[in-house]
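K.L.:
Fold the stuff below for me.
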Amino acid sequence: MNKKRLLIFGVGLAIAFVLVSIFRNDNPRLHHITGQTMGTIIYNIKFIGIEIDGLDKEISDELVAFNQSLSTYIPSSEISRLNDKGNFKFESEFFLPVLEKSREIYEKTGGTFDPSIGPLVQAWGFGPDKKLPQIDSATVDSLMSITGFDKVQFDNTSITMPQNFQIDFSAIAKGYAVDVVGELLESKGITNYLVEIGGEVRCRGINDQGKSWSLGIEDPTVSTLEQKLLAVVRLKNRALATSGNYRNYYEKDGKIYAHIIDPRTGYNSSHNLLSASVFATDCMTADAYATAFMVIGLEASKELIEVLDLDAILVYRSDDGSVKSYVSEDFRSFVEMNKAN
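P.N.:
This next block holds a predicted model:
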């Protein structure tokens, strides 16, 4: 009788333990957190682990602090105050890393990635004001005299710029924000996750199926509403960023103006490259190179991919009007193309 009671008690205790564990969400499982940042940009986060109380708010607060540092759309942000004064002592943890990464890629791309083209971006109608441009060659020449990231001086505590300079990190900020959130997850002991902000992605570990994370790359030749995929890629411990001329543009006087500005000329880039998807260890690096590739075009991008040992998918329009793609050799086994070839 005592043995039976002991057995029943043991079984009951085990069941209670399981129920409590389920109720407390102590078992590792797939979690999904969504939100909005940088105005209207949606973020999606997936991770495998136990539930962490308040993690969604912590992520949201981190992105608010990030924007308060680097958003040109916020008049009181660090970058807005820098652009007003021309010098600044860093207040947040976000400013110095993006400056260091920008200088690295500015140098490696021969100046084709340049965050100092803010005045040109604004003049061409792609800045915070979103005004249609009234611009001519004289205006471009004048603005070119107040650009050039090599003229920006900074150390570990502060930054100084020449008079009338403006810094704009919009070509790298989303990728950087992805890394910031990824590092926050890692600080919580989360090793299997996917962070996506506005199409820029960072993956670590594996998904809930025990496999590499699968991601779709949009077809740049169709509208957003169609949501047609060009390719599916498999990523583990990699980041992905895509840049293209196919969505952010406007038409004026019968001419199309794309948002990619060539820092070397001050004018919109014009070539047959439709989109550049770059893969790197961190998303900030991938984001910056994707922008640089859209500046320099297909052939120069292919050369740079070889020199820097990068992985990328370049989608372009061939001479006969058909859409084709270039996939870097070492990455081809991780890519399934749905259309371009």
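K.L.:
Strands of the stretch 101-250 of the chain, start to end?
P.N.:
Taking DSSP state E, counting those that start in this stretch as the test, the strands found in the stretch 101-250 of the chain are 153-154, 158-160, 193-197, 200-204, 213-218, 229-235, 239-244, 249-252.
K.L.:
mean pLDDT lowest for which of those?
P.N.:
Mean pLDDT is lowest for strand 249-252 among the strands of the stretch 101-250 of the chain, at a mean of 46.
K.L.:
Now do the closest residue to G266 other than its chain neighbours against D262, distance only.
P.N.:
Among residues not flanking G266 along the chain, V140 sits closest, at 4.1 Å (CB to CB, 6 or more residues apart in numbering). No exception for glycine: its C-beta is placed from N, CA and C like everyone else's. Separation of V140 from D262 (CB to CB, to the nearest Å): 11 Å.
K.L.:
Mind checking what secondary structure N44 has?
P.N.:
Following DSSP: H, G, I helix; E, B strand; the rest coil, N44 is assigned to strand.
K.L.:
Please tell me how far it sits from I74.
P.N.:
23 Å.
K.L.:
in the stretch 151-300 of the chain, which segments are predicted with low confidence?
P.N.:
222-227, 245-259 (pLDDT under 70).
K.L.:
at 80 instead, please
P.N.:
By pLDDT under 80, the weakly predicted segments of the stretch 151-300 of the chain are 219-228, 245-260, 269-271.
K.L.:
which residues in it form helices?
P.N.:
Counting by DSSP state H, counting those that start in this stretch, the segments of the stretch 151-300 of the chain that form helices are 173-187, 283-296, 298-308.
K.L.:
Let me have these in a markdown table, extended by mean neighbour count.
P.N.:
As requested, the helices of the stretch 151-300 of the chain are arranged in a markdown table below (neighbours: other CB atoms under 10 Å):
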| stretch | mean neighbour count |
| --- | --- |
| helix 173-187 | 22 |
| helix 283-296 | 28 |
| helix 298-308 | 16 |
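K.L.:
and E51, which of those is closest to it?
P.N.:
helix 173-187 (13.3 Å; CB to CB).
K.L.:
Thought W124 was touching the residue nearest to G266, still the case?
P.N.:
No - contact status for V140 versus W124: not in contact, 9.1 Å apart, counting by CB atoms under 8 Å.
K.L.:
In terms of packing, which of the two has more residues around it?
P.N.:
W124 (25 against 16; other CB atoms under 10 Å).
K.L.:
For S187, give its distance to G125.
P.N.:
Distance from S187 to G125, by CB to CB: 40 Å.
K.L.:
And for G216?
P.N.:
30 Å.
K.L.:
Can you name the residues that contact the spatially most central residue of the chain?
P.N.:
Centroid check for the chain by CA atoms, centre = their mean gives G175 as the closest residue, at 2.4 Å. G175 makes contact with 200, 239, 241, 282-288, according to CB atoms under 8 Å, 6 or more residues apart in numbering.
K.L.:
any idea which of these is closest to S116?
P.N.:
A288 (13.6 Å).
K.L.:
Is it correct that the closest one is in contact with A171?
P.N.:
Yes - between A288 and A171 there is a contact at 6.7 Å, judged by CB under 8 Å.
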